[in-house]
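Asker: Here is the input, now give the coordinates:
(one chain, ligands or ions: 1)
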Amino acid sequence: MSPARLTVEKASWGPDRQHILLHPVSFDLVPGRILGVVGANGAGKSTLLRLLYRFHRPRSGTVKLDGQDIWAISARETARKVAAVLQEQPTDFALTVREIVGLGRTPHGSGFSRGGAQDGEIIEGALIRMELQGLAHRRLGTLSGGERQRVMVARALAQEPKLLILDEPTNHLDIRHQLEILSLIRGLSVTIVTSLHDLNMAAGLCDDILVLSGGQSLAFGPPSHVLTTERVETAFSVRTQVQTLHPSGDSHFTFHL
Ligand SMILES: Nc1ncnc2c1ncn2[C@@H]1O[C@H](COP(=O)(O)OP(=O)(O)OP(=O)(O)O)[C@@H](O)[C@H]1O
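Answerer: I've put the predicted structure just below:
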């Protein structure tokens, strides 16, 4: 499955027309790139992500995948193209890890093109990638927060999406699993939009960054262009310093009140 081009044109959202929480935002994400959405608490990150996985319909503007408005196709067709890993997933804690990962195949269940064996291989591949083989028979409710997070990513991988939406994917993960999941994300052949709180992580992982503040988009583009000291100070209301790390030459932010 090839990565999708994601084109967001002047998309806005609010619970009603009088209360707009996300003001018109536009960006064009080249297939296969990783976009990091950053901003302070309440900036509108989750609201934007909800527009991208077709949970909210934009009040104005459009969200297009490969040039097609996601509201012009069915929810099921969208689910074959877009997978989301969210902070709070409504899941059945009595299901086993393998069953949960298997749910990722649901949108593809046409009964014609895909046999059960092929689904089984895809599910097994997702379990292996997230190092979950040893937990495959455990019930979700018995897992730690980090293990559950890996199950949710495995379920999204089993969905074989063209666009993967991740809401704070490193939450609950210890340092090793954070690094592992970031390296896995980098290696996927899929377009990715992820919200991240850690700006240093966002700068290291993402090809593009979108900065939100108070429901407005402040900037979109490569991290080195977008994450300037002034912009970070505006968006997060903190004093910010940038250091150059040796020997990598990477930029590293530190923050002060
Ligand atoms: N359905 C809704 N009705 C009313 N207000 C909402 C709704 N959804 C979100 N909000 C408000 O919109 C603002 C943006 O919320 P959002 O969850 O998008 O922020 P966020 O950037 O993801 O924040 P955080 O970093 O805290 O997760 C918040 O003030 C939130 O309370």
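Asker: Can you tell me which residues in this protein are near the ligand?
Answerer: For the chain, the residues in contact with the ligand (C-beta under 6 Å from any ligand atom) are 15, 21, 39, 41, 42, 43, 44, 45, 46, 47. Using the backbone N, CA and C atoms, a C-beta is placed for each residue, glycine as well.
Asker: What subset of these is buried?
Answerer: Buried positions within the residues of the chain next to the ligand, assessed by neighbour count (16 or more other C-beta atoms under 10 Å), are 21, 39, 43, 44, 45, 46, 47.
Asker: how about the helices of the stretch 51-200 of the chain, start to end?
Answerer: The residue ranges that make up the helices of the stretch 51-200 of the chain, judged by DSSP state H, counting those that start in this stretch, are 75-81, 97-102, 116-129, 145-158, 175-187, 199-205.
Asker: Between helix 175-187 and the fourth one, find me the angle.
Answerer: Translated: helix 145-158. Put simply, helix 145-158 runs at 10 degrees to helix 175-187, going by axes from the mean of the first three to the mean of the last three C-alpha atoms, to 10 degrees.
Asker: buried stuff in helix 145-158?
Answerer: Counting neighbours by 16+ other C-beta under 10 Å, one finds that the buried residues in helix 145-158 are 146-158.
Asker: And for the first one?
Answerer: Residues of helix 75-81 classed as buried by neighbour count (16+ other C-beta under 10 Å): 78, 79, 80, 81.
Asker: sorry, back to before: specify which member of the buried residues of helix 145-158 is nearest to the ligand.
Answerer: Proximity of those to the ligand, judged by C-beta to the nearest ligand atom, is greatest for residue 149, which lies at 15.9 Å.
Asker: The closest one touches residue 172, doesn't it?
Answerer: Yes: Residue 149 is within contact range of residue 172, at 5.0 Å (criterion: C-beta atoms under 8 Å).
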